[in-house]
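Colleague: generate coordinates for the sequence data below:
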Amino acid sequence: MTMNRPVKRVMIVDDHALVRKGVRSLIETRPCYEVVGEASDGFDAIAVAVQSRPDIAVVDYSLPGKNGLALAQSFRDHLPGLKVIIFTLCEREGLMIDLVRAGVRGFVLKSEPEDHLLQALDAVSLNRTYFPETTPEILLHSLQKPSPSSKSSLTSREREVIQLIAEGRLNKQVAHSLRISIKTVETHRSAAMHKLKLRNAADLVRFAIRNQLVEA
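Modeller: Numbers count the residues shown, from 1 in each chain. Next up is the predicted model:
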């Protein structure tokens, strides 16, 4: 029974305070879970996770700064023990594949009944995965295959730089957002473009949209 399981520490990442409050209230109905942190954007989420050391993160996909995909990739690189559940309104087959390849263990739509989120928490806490019942079986099998996309060769920081540049940020703004120097931004940008064989900024934007690093 879930009552006998060790208490799992959970953090919530969503840019809407009312959503965070509702998710917290739902999770706190179960004594086997403890909410240890909240964040309203992708950048703060990393600091909160490092400080609070949760076991599970419930993450919205559409976040300021870092979207859910970029955040999951950062967690995978820097906090590999943290299990991620995406809780979102966004439902795209290609997105789900990228999320799982980024280490996401669960996917719940906000339009689903609230008990689906609890089911996802239960599954993930037992080292299982949780996806919508409508997910085709052939897609679930494909999630286990290595990604053919060359974006897997990028470091977490290179992905962050590409995402922000593709969103229209200048190098100076990217540097400020990531708290690094402009020269470091230029270095990461050049390295990423070289790895991806991109020739110019337009190619970079197209790559980011095609790989769902930014919204079209």
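
Colleague: in the chain, where is pLDDT below threshold?
Modeller: 1-5, 91-94, 133-152, 212, 214-216 (pLDDT under 70).

Colleague: show me how it divides into domains.
Modeller: Per the record, the chain has its domains at 2-142, 150-210, by automatic domain parsing.

Colleague: now mean neighbour count too, for the ones you listed, in CSV please.
Modeller: Yep, even glycine has a C-beta here, placed from its N, CA and C like the rest. Output for the domains of the chain, formatted as CSV (neighbours: other Cβ atoms under 10 Å):
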stretch, mean neighbour count
domain 2-142, 18
domain 150-210, 16
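
Colleague: just the CA trace of the lengthiest helix in the chain, in PDB.
Modeller: Secondary structure of the chain per DSSP state H: the longest helix is helix 182-196. Listed next in PDB are the C-alpha coordinates belonging to helix 182-196 (Å, rounded to 0.1, in the frame of the first residue of the first chain):
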ATOM      1  CA  ILE A 182      29.000  37.500 -23.700                       C
ATOM      2  CA  LYS A 183      32.200  35.800 -24.800                       C
ATOM      3  CA  THR A 184      31.000  32.500 -23.300                       C
ATOM      4  CA  VAL A 185      27.600  32.900 -25.100                       C
ATOM      5  CA  GLU A 186      29.500  33.300 -28.400                       C
ATOM      6  CA  THR A 187      31.600  30.300 -27.700                       C
ATOM      7  CA  HIS A 188      28.600  28.100 -26.900                       C
ATOM      8  CA  ARG A 189      26.700  29.400 -29.900                       C
ATOM      9  CA  SER A 190      29.700  28.700 -32.300                       C
ATOM     10  CA  ALA A 191      30.200  25.300 -30.900                       C
ATOM     11  CA  ALA A 192      26.500  24.400 -31.300                       C
ATOM     12  CA  MET A 193      26.300  25.700 -34.800                       C
ATOM     13  CA  HIS A 194      29.500  23.700 -35.700                       C
ATOM     14  CA  LYS A 195      28.100  20.500 -34.300                       C
ATOM     15  CA  LEU A 196      24.800  20.900 -36.000                       C
END
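
Colleague: elements contacting it?
Modeller: helix 156-166, helix 171-178, helix 201-210 (3 or more Cβ pairs under 8 Å, 6 or more residues apart in numbering; DSSP states H and E).

Colleague: what about that helix, distance to the chain center?
Modeller: Put simply, helix 182-196 sits 22 Å off its chain's centre (Cα atoms, centre = their mean, to the nearest Å).

Colleague: can you check stretch 73-91 too?
Modeller: Offset of stretch 73-91 from its chain centre (Cα atoms, centre = their mean): 4 Å.

Colleague: what about the strands in this structure?
Modeller: If DSSP state E is used as the criterion, the strands of the chain fall at 8-13, 33-39, 56-59, 83-88, 104-109.

Colleague: kindly reformat those as TSV containing distance to residue 159.
Modeller: Output for the strands of the chain, formatted as TSV (distance: least, Cβ to Cβ, whole Å):
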stretch	distance to residue 159
strand 8-13	17
strand 33-39	19
strand 56-59	16
strand 83-88	16
strand 104-109	15
